[in-house]
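> Structure, please.
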Amino acid sequence: MNGDYDILIIGSGPSGVSAAFPLVEAGLRVLMLDQGRLGDDAEEQSAETYRSIREHDTEQWRRFVGEDFSSLKVRGNVSPKLKVPSHQYVFDGFQDAYDIETKNFEAIGSLAQGGLSNAWGAGAYVYDAEDLKDYPISHDDLLPSYQAVSERIGISGSSEDDLGSFYGGDVSLQAPVELDANMARLFARYQSSTKPNSLKIGRARNAVLTQNLENRQACHYTNRCLWSCPVGSIYSAAYDLASLQKFENFTYRDKAFVQGFSEEGGGYQVSFGDGSSIKAKKLILAAGTIGSTKLALDFLGHKDKAIPLSSNPAFAIAFLNWCQLGSEIQDQGFALGQLGFAVEHAASYSHGVLFSASSIAVSELTKYMPFSYRGATTVARLMMPAMFFANCFLDSSFSQHHLSLSSNGGLEITGAYAEHTDGTVAELGQKLAKSFRQLGAYALGKPVMSKPGADIHYCGTLPMTDKPTTAPAANSEGLIFNTKGLYVVDGAALPRIPAKNPTLSIMANADRIARGITREMKNT
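As a prediction, the model looks like this:
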C-alpha cells in the first residue's frame, strides 16, 4: 500500500505531538487528525496580575464566573481548573462525542487543539526503576526520550534538594519558579529544622519556563496560572503543534473527529462523513486514554467485555501557615505547584504539590466553612495569605475502575476505589498533619477525597506487556497485539502509574515508540 501518508496520528495532545516530532524529523509523511477546538484568545492579550484584575476590572465576572455561570456549576470534588470559564472549550463535547455513560466516575477528556495540556497542573516527573517495575521497558529505554522532550518543552525545578533524585536528575532543567512569601517561609523552616521522618519536600518540577524558550516567555508571576497564562510560560501541546506545522511533510487537519477506521490494502483508512477518506501505512492512537481505547476496542471487535481502567486517586488538605496570618496577598506569584512533597505509607509512597491560596476563588473555600456566606467570606479573605493546599496522589493500584464498549457503540465507565484506600488516605492525612505541624502549619480539617476519575490521570486500558494475554494490550513498542501497524502512545499504553503525575512519561514513551517506528520503516 502506497497510501496518502506514511503515518496517521489521531489526536494533538502531548502524546500526539511527541510521537510526531521523531517521525517528521526522519522525513516521513505524517498526517494528524483532530477535532481541534480553539478557545477565545481575548483572555491571553493582557499580562495583568490576578490581584489587579480583581481590584480594577469591572468586567471581571466574565473571566471568573463566565457568561454562562460555568464556574458556579456544582461539580463535586473536582479541580478548580475544571470550573474556569476560559477553559470550558477544552472539556466541552467530549462525553457526547465518544458516547460515554458513567457511574461514579468523572470522565474528562478534550477535543481541543493541544488536548488537556491547555488546562493542566504542569507537573513533569521522571519515572525511576521502581516506578517502572511492572513495565516491559526500563528507565534506560526512556532516558533519551525524557531528555529530548524536556529540552523541547522546558522544565523548571531543582536537582539539588531532597526531591532532586526522586524527580529525576538526568534531564535538562531551568531554574525553579520563585516561591511566594508563604511557600518560602515554609520551605526555609523545613530546610533549617529537624526534618519530619516520613516527609520530603523540594522545589516543584514543572513544565513551566523561568527562561525564555523560542516564542514562549519566562513566567511573569501574574498569579493567573489557574485561569490562563498570558505569555505561554506553561507548556501546551498547542505550541508544539505550531512548530510541527513548519515541516513540509507534516499535515494537520482539524474538524476531523475520528469515529473509526478500517484496514485497507496493508494499511489503514479513515473515512469521513463527506465521503472522503485518508489512507496511511501505519496509524498511531493518541486521542487520550479514553478516546484511544474506544477506537481500539471498536477496531478489535472487543465489545460488552469490561477491561480495567486505572487512575491516580487524589485528595487535598488545606493548611494554615500560622506565622503568615495578617500578611497581605502578594500581587505577583506563581499559582500552580511551588513545592513538591513525597510521603511514605504502608504500601508505597504518595506524592503531591503545595500551592498557595492566593488565586483560588473565595467560593472554593467558603463552601467548606461552617459560617454564613458573609462570615465565611470574611474569614476566608483573612486566612488566604497564610493558607496553602496539599494536593496529594496515590498510585494506580488504589483505583478499580472498569470500561467497556457496548454492542451499540456506547462507552460505559464505572469508577471505584480499592477497599484499603480510605485507610491509606487517613494514614497519610495524619502523617501530613503531624509533619507540617512541626513546620508551623496546621491542617484545617481532614483530607477531602476527589471523585473517581477527577484526577484525569487515566491509564492501563491497552497496557504494554511482554506477557501472554487475551485482553486488549500492546507490546513494548506500542504495537497493539493482533494488528499490523496500529500503535498506541498515550496513557492507555502505561500498565500502571505511580503517584507521580504521568504526562512527561507519556510524552517520553510516545517519543520512544515513534523512534522505533522510524527505525522499522527505514529498514523496510
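> pLDDT below threshold where in the stretch 51-200 of the chain?
Where the stretch 51-200 of the chain drops to pLDDT under 70, the residues are 51-52, 54-79, 83.
> hey, where'd the strands end up in it?
In the stretch 51-200 of the chain, the strands defined using DSSP state E, counting those that start in this stretch lie at 100-103, 199-203.
> With the stretch 201-350 of the chain instead?
Ranges of strands within the stretch 201-350 of the chain are 250-253, 262-264, 267-271, 277-285, 307-309, 314-321, 339-344, 349-356, based on DSSP E, counting those that start in this stretch.
> if we can go back for a sec, and the strands of the stretch 51-200 of the chain: which comes nearest residue 81?
The closest of the strands of the stretch 51-200 of the chain to residue 81 is strand 100-103. By CB to CB, the value is 19.4 Å. All C-beta spots, glycine's among them, are computed from the backbone N, C-alpha and C.
> what packs against the closest one?
Strand 100-103 is packed against strand 411-414, with contacts defined by 3 or more CB pairs under 8 Å, 6 or more residues apart in numbering; DSSP states H and E.
> distance of residue 219 from residue 230?
Separation of residue 219 from residue 230 (CB to CB, to the nearest Å) stands at 10 Å.
> Those two - which one has more neighbours?
Neighbour totals were compared for residue 219 and residue 230, and residue 219 leads with 24 against 17 (other CB atoms under 10 Å).
> quick one on the thing from earlier: closest to residue 84 out of the strands of the stretch 51-200 of the chain?
For residue 84, the closest of the strands of the stretch 51-200 of the chain is strand 100-103, at 21.9 Å, according to CB to CB.
> In PDB, list the C-alpha atoms belonging to the closest one.
Listed next in PDB are the C-alpha coordinates belonging to strand 100-103 (Å, rounded to 0.1, in the frame of the first residue of the first chain):
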ATOM      1  CA  ILE A 100     -19.900   7.900  27.300                       C
ATOM      2  CA  GLU A 101     -22.100   6.900  30.200                       C
ATOM      3  CA  THR A 102     -20.600   6.800  33.600                       C
ATOM      4  CA  LYS A 103     -21.300   5.500  37.100                       C
END
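> ok, and what's touching that strand?
Under the contact criterion CB atoms under 8 Å, 6 or more residues apart in numbering, strand 100-103 has outside partners 94-95, 107, 290, 410-415, 453.
> Please list only the buried members of those.
When these are checked for burial by 16 or more other CB atoms under 10 Å, the buried set is 94-95, 107, 290, 411-415, 453.
> quick check, nearest of those to residue 255?
For the buried ones among the contacts of strand 100-103, the residue nearest residue 255 by CB to CB is residue 94; the value is 15.6 Å.
> thought the closest one was touching residue 106?
No. Using CB atoms under 8 Å, residue 94 is not in contact with residue 106; the gap is 11.4 Å.
> tally of neighbours for the closest residue in space to residue 27 that isn't next to it in sequence?
Excluding its sequence neighbours, the residue lying closest to residue 27 (CB to CB, 6 or more residues apart in numbering) is residue 249, at 6.3 Å. Residues lying near residue 249 (other CB under 10 Å) number 16.
> Contacts only, for residue 249.
So residue 249 contacts 24, 27-30 (CB under 8 Å, 6+ apart).
> how about residue 467, secondary structure?
coil (DSSP: H, G, I helix; E, B strand; the rest coil).
> distance of it from residue 135?
Taking CB to CB, one finds residue 467 at 12 Å from residue 135.
> swap in residue 456?
Distance of residue 456 to residue 135, given as CB to CB: 21 Å.
> More neighbours: these two, which one.
residue 456 (28 against 23).
> Which pLDDT value goes with residue 469?
Looking at residue 469, its pLDDT is 92.
> hmm, back to that, any chance of the strands of the stretch 201-350 of the chain in a markdown table, plus mean pLDDT, distance to residue 390 and mean neighbour count?
Listed next are the strands of the stretch 201-350 of the chain as a markdown table, based on pLDDT from 0 to 100; distance: least, CB to CB, whole Å; neighbours: other CB atoms under 10 Å:
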| stretch | mean pLDDT | distance to residue 390 | mean neighbour count |
| --- | --- | --- | --- |
| strand 250-253 | 98 | 39 | 18 |
| strand 262-264 | 92 | 48 | 13 |
| strand 267-271 | 93 | 44 | 20 |
| strand 277-285 | 96 | 35 | 24 |
| strand 307-309 | 98 | 26 | 21 |
| strand 314-321 | 95 | 5 | 22 |
| strand 339-344 | 96 | 7 | 22 |
| strand 349-356 | 95 | 5 | 25 |
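> between the contacts of strand 100-103, which is nearest residue 235?
Looking across these and measuring by CB to CB, the closest to residue 235 is residue 94, at 21.1 Å.
> Leaving out chain neighbours, which residue sits closest to that closest one?
residue 109 (4.2 Å).
> Wait, the one you found touches residue 96, no?
No. Residue 109 lies out of contact with residue 96 (CB under 8 Å); the separation is 11.1 Å.
> who has more neighbours, these two?
Higher neighbour count among residue 109 and residue 96: residue 109, with 23 against 9, using other CB under 10 Å.
> Tell me how far the more buried one lies from residue 520.
The gap separating residue 109 from residue 520 is 30 Å, by CB to CB.
> go on, residue 446?
When distance is defined by CB to CB, residue 446 is 52 Å away from residue 520.
> before we move on, what about residue 411?
Residue 411 sits at a distance of 31 Å from residue 520 (criterion: CB to CB).
> try residue 305
Distance from residue 305 to residue 520, by CB to CB: 31 Å.
> With residue 311 instead?
Between residue 311 and residue 520 the computed distance is 32 Å (CB to CB).
> care to break this structure down by domain?
Per automatic domain parsing, the domain ranges recorded for the chain read 1-37+106-153+235-306+460-524, 50-91+155-232+314-393+418-451.
> Please tell me I have it right and residue 387 contacts residue 318.
Yes. At 6.1 Å, residue 387 and residue 318 qualify as touching, with contact defined as CB under 8 Å.
> hang on, the earlier thing: ok, the buried ones among the contacts of strand 100-103 vs residue 215, which is closest?
Using CB to CB, the buried ones among the contacts of strand 100-103 come closest to residue 215 at residue 94, 28.4 Å.
> what separates that closest one from residue 257, distance-wise?
The gap separating residue 94 from residue 257 is 11 Å, by CB to CB.
> Common neighbours of the two, please.
Jointly contacting residue 94 and residue 257 under the rule CB under 8 Å, 6+ apart are residue 111.
> what's near enough to touch the residue nearest to residue 94?
Per CB under 8 Å, 6+ apart, neighbours of residue 109: 91, 94-95, 98, 116, 288, 290-291.
> Now with 7 Å, please.
Residue 109 sits next to 94, 288, 290-291 when contact means CB atoms under 7 Å, 6 or more residues apart in numbering.
> Now for the contacts of residue 249: which two are most distant?
The widest separation within the contacts of residue 249 (CB to CB) is 9.9 Å, between 27 and 30.
> my guess is residue 493 meets residue 508, correct?
No. The pair residue 493 / residue 508 is not scored as a contact, 11.7 Å apart, by CB atoms under 7 Å.
> Those two: who's more crowded?
Legend: neighbour count by other CB under 10 Å for residue 493 and residue 508, higher for residue 493 (30 against 25).
> Nearest residue to that one in space, please, no chain neighbours.
In this structure, residue 493 finds its nearest non-sequential neighbour in residue 464, 5.2 Å apart by CB to CB, 6+ apart.
> ditto for residue 507
Spatial nearest neighbour of residue 507, chain neighbours left out: residue 18 (4.1 Å); criterion: CB to CB, 6+ apart.
> what about that neighbour, neighbour count?
Around residue 18 there are 29 residues (other CB under 10 Å).
> I believe it is in a helix; please confirm or correct that.
Yes. According to three-state DSSP, the state of residue 18 is that of a helix.
> do you know how far it is from residue 273?
Residue 18 sits 29 Å away from residue 273 when distances are taken as CB to CB.
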